[in-house]
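Q: show me how the following folds:
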Amino acid sequence: MARKRIRIDVEDADGARYDIKVEGNVTREKVLKIFEMMNIVDVEDERQEAAPKSVGSKIWHVIDRQFPVGRFTSSQILEKYEDEYNEPIKHSVISTYLSRFAARSRLERARAGREWSYQILRPVPQAR
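A: Below is the predicted model:
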């Protein structure tokens, strides 16, 4: 198995720079711990976005925040959506939006048993 390498360079609001490197057996849990650490040191995302207003943008916001790496299902999105926005939503609405995101190549969609699993498709930086 090929060794995986992840490098994250960020700058916080005060101008402090953080260079994080992970090599070897990189798992989803390890990457999520890195993101948790970034929240502890209060590293802010450069994209200062307004709160999402449409259902689709709210669903994408949940996906982007809760599942930046790894696979997830529509049931997991439903649970996280209701926790974050404190409003009910039908499972069919979540499934429809996930299907649309997959059709627009924002998500990778694969069959996992009786339901679909999804993963964010990130653009690959091109070499110069």
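
Q: find the nearest non-adjacent residue to Tyr118, please.
A: Leu107 (4.6 Å; Cβ to Cβ, 6 or more residues apart in numbering). The way it works is simple: take the backbone N, C-alpha and C, and place the C-beta from them, glycine included.

Q: same deal with Gly24?
A: Of all residues beyond its chain neighbours, the one nearest Gly24 is Arg3 (5.8 Å), with distances taken as Cβ to Cβ, 6+ apart.

Q: so how far is Tyr18 from that neighbour?
A: Distance of Arg3 to Tyr18, given as Cβ to Cβ, to the nearest Å: 23 Å.

Q: same check, this time on Glu82
A: Distance, Glu82 to Tyr18, by Cβ to Cβ: 33 Å.

Q: for Phe72, same thing?
A: Distance of Phe72 to Tyr18, computed by Cβ to Cβ: 26 Å.

Q: buried stuff in the helix or strand where Trp116 lies?
A: Take DSSP states H and E as the rule and Trp116 turns out to sit in strand 115-120. Across strand 115-120, burial judged by 16 or more other Cβ atoms under 10 Å covers Trp116, Ser117, Tyr118, Gln119, Ile120.

Q: again, but for stretch 94-107
A: For stretch 94-107, by 16+ other Cβ under 10 Å, it's Ile94, Ser95, Tyr97, Leu98, Phe101, Ala102, Arg106, Leu107.

Q: may I have that stretch exported as PDB, CA atoms only?
A: Extracted in PDB, the C-alpha atoms of stretch 94-107 (Å, rounded to 0.1, in the frame of the first residue of the first chain):
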ATOM      1  CA  ILE A  94     -31.700  14.900   1.500                       C
ATOM      2  CA  SER A  95     -31.500  12.000  -0.900                       C
ATOM      3  CA  THR A  96     -32.600  14.200  -3.800                       C
ATOM      4  CA  TYR A  97     -30.000  16.900  -3.100                       C
ATOM      5  CA  LEU A  98     -27.300  14.400  -2.700                       C
ATOM      6  CA  SER A  99     -28.200  12.800  -6.000                       C
ATOM      7  CA  ARG A 100     -28.100  16.300  -7.600                       C
ATOM      8  CA  PHE A 101     -24.700  17.000  -6.100                       C
ATOM      9  CA  ALA A 102     -23.400  13.700  -7.500                       C
ATOM     10  CA  ALA A 103     -24.900  14.500 -10.900                       C
ATOM     11  CA  ARG A 104     -23.000  17.900 -10.900                       C
ATOM     12  CA  SER A 105     -19.700  16.100  -9.900                       C
ATOM     13  CA  ARG A 106     -19.600  17.700  -6.500                       C
ATOM     14  CA  LEU A 107     -19.900  14.300  -4.800                       C
END
